[in-house]
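S.K.: I would like to see how this sequence folds:
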Amino acid sequence: MRHVDIEELKLPKGWKARAEAAAKAVDAGGDPEDYANVWRVLKDRLADLLPEKKCWYCEVAVDRADNAVDHYRPKGRVSDAAKEHKGYRWLAFEPSNFRYSCTWCNSRRKGVDTAGGKGDRFPLVYEPDRRYSKTDVGPERPALLDPCDLDDWKLLGCRQESGESCPASTNKVDIDRAEQSIKITISTTDRL
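M.R.: Residues are numbered from 1 along each chain as shown. Here you go, the predicted model:
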């Protein structure tokens, strides 16, 4: 995982107005998926933030894959929440919540050998900090490593002998975050 500066994302002319209109419709009870074209038009621009057009989580080149605009904080249901969470709908059209992802990392998988994939997962280090309504998510500390967080990339390493992803910290919380991220967004070598 490398750091990706999401602030470098260039929005097309008129995009903010379309996003604001979609956000208002969702606030009024609409389904974010009905407005998916709003974030999908940013897919290529997000891909361009890494010169190799790689998945931001696993760094696999996704030139032949049906890649996706992942919502780091899920726009729909959140399966990791202690109580029912209908998703971070208020962030569905917020570019700072978008991540460029391969289908492998973005889609939930439940097979024995392929379990993982982010899907509606968003574990936190401390669950009571989870936000359930339109509010500042600053108090939340995600357990899933974020390629847009300036420090998170440092927490994920690679075993020299096998190339497998591994924690790169001795701090217990950081190790746990790295291990959860490896399980959710499986590394390149785990796919081969």
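S.K.: This protein: helices as residue ranges?
M.R.: Secondary structure of the chain (DSSP state H): helices located at 15-27, 36-40, 43-47, 103-106, 172-184, 188-191.
S.K.: Can you check which of the ones you listed gets nearest to residue 88?
M.R.: Taking Cβ to Cβ, helix 15-27 is the member of these nearest to residue 88, at 10.9 Å. For every residue, glycine as well, the C-beta is placed using N, CA and C.
S.K.: which parts of the closest one are buried?
M.R.: Under the neighbour-count criterion of 16 or more other Cβ atoms under 10 Å, helix 15-27 has 15, 18, 19, 22, 23, 26 buried.
S.K.: re earlier: deepest in the core, which of the helices of the chain is it.
M.R.: helix 103-106 (a mean of 22; mean count of other Cβ atoms under 10 Å).
S.K.: For the residue of the chain positioned farthest from its centre, grab phi and psi.
M.R.: Distance from the centre of the chain peaks at residue 161, with 28.4 Å (Cα atoms, centre = their mean). Phi and psi for residue 161, reported as degrees, to the nearest 10, are phi -80, psi -30.
S.K.: can you check the one 3 residues further on too?
M.R.: When read as degrees, to the nearest 10, the backbone of residue 164 gives phi -70, psi 150.
S.K.: Same question for the one 5 residues further on.
M.R.: The phi and psi torsions at residue 169 (degrees, to the nearest 10) take the values phi -140, psi 160.
S.K.: Assess the claim that it and residue 178 are in contact.
M.R.: Yes: counting by Cβ atoms under 8 Å, residue 178 is a contact partner of residue 169 at 6.9 Å.
S.K.: OK, contacts around the nearest residue to residue 8 once chain neighbours are set aside?
M.R.: Closest residue in space to residue 8, ignoring its immediate chain neighbours: residue 49 at 5.8 Å, by Cβ to Cβ, 6 or more residues apart in numbering. Counting by Cβ atoms under 8 Å, 6 or more residues apart in numbering, residue 49 touches 4, 5, 6, 8, 9, 100.
S.K.: From those residues, list the buried ones, please.
M.R.: Buried among these (16+ other Cβ under 10 Å): 4, 6, 9, 100.
S.K.: Thanks a lot, catch you later.
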